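> sequence and predicted structure are below.
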Amino acid sequence: MSRALLRHLTANVTAGLLVATAAAPAVARTPGPVSTGTVRTVVRDAATGAPVPRVCAALVPVDAAALTAVTLGEDQLGRGGGCSDDQGVLVTSEVVPGGYRLLINAIYPPGYGWQWVGRHGGTGERERAHVVQVRSGTVTSAPTVRLDPAGTVVGVVTDAATGAPVPRARVMVVPYVPDPKNDDHGPMTDEEGRYTITGLGPYHWPVQFAADGLATVWSGGTATRAQARTVRVRAGQIATLNQALPAGTPLTGAVRVDELITYAQVVAFDAATGDLTGVAEVGDGYTLRLLPGQRVRLRCDCAYTPPVWHRDATSFDSATTVRVGRTPAVVDFDLR
């Protein structure tokens with residue numbers, strides 16, 4: 001689906017394949033530092049049960065604060081990953097203890113679809129995926145990955161107020177912080193507002209849509225992933241999902257800083273889930289457009305210092321929550 005996402009998912013392939021040669025029971029003691037753990041699973045064809053090599057996974061943290069550890073050009077996937085060996089064994093080592101869901105990228109070999117790994121098969125809904133609890137100094141077995149054939153989603157993105165097509169809208173099954181210099185993350189709409197997502201497993205998928213000057217929404221026009229109207233993907237078929245983007249409520253502010261970094265951004269995250277809900281470029285100030293009723297926490301990636309959360313907080317957990325209403329709101333950042 002995207003070169004940037006593929007690079008992220010394959011970052012730990014070498015370490016994973018080295019560990020994979022030694023199969024381990026579900027809770028066996030492992031040598032090395034006890035501050036991290038290991039996750040092991042097997043990737044198989046859902047129909048035949050045959051092992052599938054070169055399939056990559058990301059360990060996506062359940063913890064909302066960990067999910068927000070994402071910056072310019074990065075997807076909300078966490079930091080762990082690995083790919084399956086010739087026997088289909090997929091091992092990820094040096095994993096920080098905690099709860100994780102596995103997202104499978106089946107770009108190689110072709111024909112299989114992406115999936116969140118459920119207890120008995122794939123799903124397109126993150127909340128339905130099995131949560132793997134990683135503990136220090138242990139190898140934890142995740143459910144067997146059962147790969148299904150892929151399908152495709154197409155659609156048109158429009159401006160809710162005018163009905164006009166929206167070009168260069170980002171269409172995402174995994175939210176990401178855009179990099180203004182690189183557009184290789186995945187599907188974007190063309191000049192007619194049309195897009196295509198390929199390689200999704202045959203499940204129900206929520207999809208996020210974002211465009212400059214309009215509110216970021218999940219499919220169905222909702223503020224959260226859990227409320228999204230999912231699209232039903234079928235193997236070898238094309239599903240249609242159109243989406244209109246509302247203007248939303250403007251949330252603006254000044255950014256006071258001694259030296260503004262290149263590509264400075266204010267990033268909004270859902271206060272409950274940590275999901276990305278909006279990104280605004282920063283000049284003298286910034287403008288986010290959000291949906292009324294949203295509760296968000298804001299981070300300013302604006303200076304040559306660690307990011308600052310509202311109000312002058314150092315982390316997502318300690319940041320002040322902003323409730324979006326129907327009237328414009330102002331949140332300033334002072335990084336001097």
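Yep, it's here. Numbers count the residues shown, from 1 in each chain.
> now name the helix or strand holding His130.
Remark: His130 resides in no helix or strand, with elements defined by DSSP states H and E.
> tally of neighbours for the residue lying closest to it once chain neighbours are set aside?
Nearest residue to His130 in three dimensions, chain neighbours excluded: Arg119, at 4.7 Å (C-beta to C-beta, 6 or more residues apart in numbering). Every residue, glycine included, has its C-beta placed from N, CA and C. If you count neighbours by other C-beta atoms under 10 Å, Arg119 ends up with 12.
> name the SS class of Arg119, please.
coil (DSSP: H, G, I helix; E, B strand; the rest coil).
> could you tell me how far it is located from Asp159?
Going from Arg119 to Asp159 by C-beta to C-beta, to the nearest Å gives 41 Å.
> output the below-cut-off pLDDT ranges for the protein.
1-34, 79-80, 183-184 (pLDDT under 70).
> if you set the cut-off to 80 instead, what comes out?
The model of the chain has pLDDT under 80 over residues 1-34, 78-81, 106-109, 182-185.
> go ahead and confirm Asp301 touches Gln265.
Yes: Asp301 is in contact with Gln265 according to C-beta atoms under 8 Å; the separation is 5.1 Å.
> mutual contacts of these two, please.
Common neighbours of Asp301 and Gln265, counting by C-beta atoms under 8 Å, 6 or more residues apart in numbering, are Leu72.
> neighbour count for those two, which is higher?
Ranked by neighbour count (other C-beta under 10 Å), Asp301 and Gln265 place Gln265 first, with 21 against 18.
> what are the ranges of the strands in the stretch 1-150 of the chain?
With DSSP state E, counting those that start in this stretch as the criterion, the stretch 1-150 of the chain has strands at 28-29, 37-45, 56-61, 80-83, 89-95, 98-105, 115-117, 122-123, 132-134, 138-141, 145-147.
> adjacent strands (with direction) for the fourth one?
Based on DSSP bridges, the pairing partners of strand 80-83 within the sheet are strand 56-61 (antiparallel).
> please apply the same query to the fifth one.
Strand pairing for strand 89-95, using DSSP bridges, gives strand 37-45 (antiparallel).
> dump the partner strand to PDB, restricted to CA.
Extracted C-alpha coordinates of strand 37-45, given in PDB (Å, rounded to 0.1, in the frame of the first residue of the first chain):
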ATOM      1  CA  GLY A  37      10.100  -9.500  25.800                       C
ATOM      2  CA  THR A  38       9.600 -11.400  22.600                       C
ATOM      3  CA  VAL A  39       6.500 -12.200  20.500                       C
ATOM      4  CA  ARG A  40       6.300 -15.300  18.300                       C
ATOM      5  CA  THR A  41       3.600 -16.400  15.800                       C
ATOM      6  CA  VAL A  42       3.300 -18.400  12.600                       C
ATOM      7  CA  VAL A  43       1.900 -17.100   9.300                       C
ATOM      8  CA  ARG A  44      -0.300 -19.500   7.300                       C
ATOM      9  CA  ASP A  45      -2.500 -19.500   4.200                       C
END
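> tell me how far the residue nearest to His130 lies from Val173.
21 Å.
> please apply the same query to Val231.
10 Å.
> quick one: residues contacting Arg101.
Counted by C-beta under 8 Å, 6+ apart, Arg101 has contacts 59-60, 62, 116-117, 126, 129-132.
> chain center to stretch 255-274: distance?
Taking C-alpha atoms, centre = their mean, to the nearest Å, one finds the center of stretch 255-274 at 18 Å from the center of the full chain.
> same check on stretch 36-44?
Its chain's C-alpha centre and that of stretch 36-44 lie 20 Å apart, by C-alpha atoms, centre = their mean.
> do the same with stretch 107-122
16 Å.
> repeat that for stretch 322-336.
25 Å.
> pull out the buried residues from it.
322, 324, 331, 333, 335 (16 or more other C-beta atoms under 10 Å).
> farthest pair within these?
Within the buried residues of stretch 322-336, Val324 and Leu335 form the most distant pair, 23.1 Å apart (C-beta to C-beta).
> how many residues are close by Asp258?
So Asp258, with other C-beta under 10 Å, has 9 neighbours.
> now it. Nearest residue, chain neighbours left out?
Leaving aside its sequence neighbours, Asp258 sits nearest to Arg336 (C-beta to C-beta, 6+ apart; 5.7 Å).
> okay then, goodbye and thanks.
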